[in-house]
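# The amino acid sequence is not available; the structure is as follows:
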């Protein structure tokens, strides 16, 4: 570690399948020996469920931070801040004390499809799309809040506030409920008026809530300090340093890969896929089928995200008689591109960009007795590539 230059930042990435964390030095270089990854997993079901206990995500994140600090050794004394990004479009309901009333619902939970369709009938969709930068879809909070209040009134009445998972974790660590949420994370909710940098009060009224049901908003470069006693004892090196408000994981990808203006486009494939460009125009026009999320007061992340990516590979590994994962690439390169005769709609987790269907599911067409499992995997991978071409 002698080649790294202090001071250091502890960076935490709360993704949909793992929490990753590590130290970065003053030259923005990752301190390799401090990198950790702690897995966590959502509960999914055929009715569209995609949720996870808030405590489970909290424990995975805390364990990742414990491990980084342990690996950092003497470098921990030179940490000057904590940077945070988290999986976007998450929400849970908490009571007045900040205790979770609901699980954490992810973007992939499609149980609010009926409520989204009803909202489309009630709202002037193009105007709301322009104000929020998002379509009405099961990924976002308007339909989710409607669904909760319609299907589980006894649960919904106990909800004091709707918060994203990062705001929930900060409230636990700092022992108070007035934790702010960044414009960036909040933009992924579908409830932020991107022009006014405020909650969209007209849309909130349609949902039967107001701004007191949501966190106060702030730019990402505001921070929280002063860990609660329990966590100050657990993380003494972090007790009084700033924890900057979380940004959406997609925004962090663009910044981390150097795609910080409209000359470069970031393409990422993790559990899901996305293409994004960071615009210096704070409120650009949003092309049909895409979205616009605010990074801060002066920049917007413009692009499209899919509900498919690496998850189609995992589905294939779980359900098809494939060669060992270490041999897949060698087997795939032997195949002629698109030579399998299979057409695929890869919507195993629903559809986001560009069609934003609330009822899409995966479809295979053209499978024959002669079709091999490796050809099905090839068709899935090619279908994901074709989806990127739409953005």
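Yep, that arrived. All values reported here derive from a predicted model rather than from experimental measurement.

# make it CA atoms for all contacts and neighbour counts henceforth
OK.

# shaky segments in this structure?
1-2 (pLDDT under 70).

# Domains in this structure, by residue range?
8-251, 259-305, 310-390 (automatic domain parsing).

# How far away from the center of its chain is the second one?
In this view, domain 259-305 has its centroid 14 Å away from the chain centroid, taken as CA atoms, centre = their mean, to the nearest Å.

# circling back to that earlier point, could you dump the domains of the chain to JSON lines with mean neighbour count?
Output for the domains of the chain, formatted as JSON lines (neighbours: other CA atoms under 10 Å):
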{"stretch": "domain 8-251", "mean neighbour count": "20"}
{"stretch": "domain 259-305", "mean neighbour count": "20"}
{"stretch": "domain 310-390", "mean neighbour count": "15"}
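
# Hmm, residue 162 and residue 213 touching each other?
Yes: under the criterion of CA atoms under 8 Å, residue 213 makes contact with residue 162 at 6.1 Å.

# all strands of the stretch 201-350 of the chain, in order?
Under the criterion DSSP state E, counting those that start in this stretch, strands of the stretch 201-350 of the chain are mapped to 217-218, 223-224, 243-244, 247-248, 266-269, 273-279, 291-294, 300-306, 343-345.

# what helices or strands is the second one leaning on?
Which is strand 223-224. Judged by 3 or more CA pairs under 8 Å, 6 or more residues apart in numbering; DSSP states H and E, the packing partners of strand 223-224 are strand 243-244.

# Tell me how far the strand it packs on lies from the chain's centre.
For strand 243-244, the distance to the chain centre is 18 Å (CA atoms, centre = their mean).

# I would like the residues contacting it, please.
81-84, 220-225 (CA atoms under 8 Å, 6 or more residues apart in numbering).

# with these in mind, which one is nearest to residue 383?
residue 84 (32.4 Å; CA to CA).

# in a strand, that's where that closest one is, yeah?
Yes: the assignment for residue 84 is a strand, going by DSSP: H, G, I helix; E, B strand; the rest coil.

# Who are the contact partners of it?
Counting by CA under 8 Å, 6+ apart, residue 84 touches 11-14, 243-247.

# If we only consider the residues you listed, which is nearest to residue 30?
residue 11 (9.4 Å).

# now the nearest residue in space to that closest one that is not next to it in sequence: how far from residue 217?
Among residues not flanking residue 11 along the chain, residue 83 sits closest, at 4.7 Å (CA to CA, 6 or more residues apart in numbering). Per CA to CA, to the nearest Å, residue 83 is found 18 Å from residue 217.

# do residue 319 as well
For residue 319, the distance to residue 217 - CA to CA - is 44 Å.

# swap in residue 280?
Taking CA to CA, one finds residue 280 at 21 Å from residue 217.

# And for residue 55?
Taken as CA to CA, the span from residue 55 to residue 217 is 24 Å.

# ok, now residue 333?
Distance from residue 333 to residue 217, by CA to CA: 49 Å.

# Repeat that for residue 127.
22 Å.

# quick one: contacts for residue 75?
Contacts of residue 75 by CA under 8 Å, 6+ apart are residue 8.

# my guess is residue 161 meets residue 216, correct?
No: Residue 161 is beyond contact range of residue 216, at 10.9 Å (criterion: CA under 8 Å).

# list the contacts for residue 291?
133-135, 302-304.

# ok, now with 6 Å
With contact set as CA atoms under 6 Å, 6 or more residues apart in numbering, residue 291 has these partners: 133-134, 302-303.
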